[in-house]
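*Asks:* using only what follows, build the 3D model:
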Amino acid sequence: MKKLVIAAVALMVSIAATYAQGQVNFNNKVAASGVNARVLDALGAGAGADYAAGLAISSGGALTYIPGSAATFRTTPAAATGYINPLVVTVPGHDVSSSVSLVMFGFKGAASDAAAAAALGGNQAINFGKSGEVTVALGGGTILPPDLVGLTGFTITAPEPSTIAFGLLGAAALFIRRRK
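*Replies:* Residues are numbered from 1 along each chain as shown. All right, here's what the predicted structure looks like:
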């Protein structure tokens, strides 16, 4: 009987913990809320099939990727490029109704957690861009997830050729030094 009671309590605690996590509607175009934050590629066209986006928590200038927020960009019609396919994202470690600062970022690559985390981690060999911070009170449970009101569009820029050249030069210098 004790085992049954302990199992039931553990189940209820895990369910409560799941429902206590805050959520947000990750979408950069919501007409009803006035959100229109189109993402452009380096050529000034709407980001499309070659690009992906993610959502990050901003805390003191540091960005932390939110797992499960990797999103693809719409590809048709042409006017919809630059807008992501919407997701409801659970923000770990933040309860319903708590406020959190979020940043949308875009990068050239696949819409996967690994690729998004790598892009956010500073892999400057890829195209990258990010929005300004948006602070929202999270929803979840019986409270609808909020839209990212105040989200701004941005351009995914290519790394400067000089940055790549200096990176390669530094890597070569380390390699030569290590061989001595």
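
*Asks:* my guess is residue 65 meets residue 120, correct?
*Replies:* Yes. Counting by CB atoms under 8 Å, residue 120 is a contact partner of residue 65 at 4.8 Å. Just so you know, the C-beta spots here come from the backbone N, C-alpha and C atoms, and that holds for glycine as well.

*Asks:* any shared contact partners between those two?
*Replies:* Shared contacts of residue 65 and residue 120, defined by CB atoms under 8 Å, 6 or more residues apart in numbering, comprise 54, 56.

*Asks:* strands along the protein, start to end?
*Replies:* 21-26, 29-30, 35-36, 39-40, 51-59, 62-65, 71-72, 87-95, 99-108, 128-130, 134-137, 154-155 (DSSP state E).

*Asks:* how much space between residue 111 and residue 141?
*Replies:* Distance, residue 111 to residue 141, using CB to CB, to the nearest Å: 27 Å.

*Asks:* one more: residue 130?
*Replies:* According to CB to CB, residue 130 stands 29 Å off from residue 141.

*Asks:* neighbour count: those two, which is higher?
*Replies:* residue 130 (21 against 14; other CB atoms under 10 Å).

*Asks:* residue 106 is in contact with the more buried one, correct?
*Replies:* Yes. Using CB under 8 Å, residue 130 makes contact with residue 106 at a distance of 7.4 Å.
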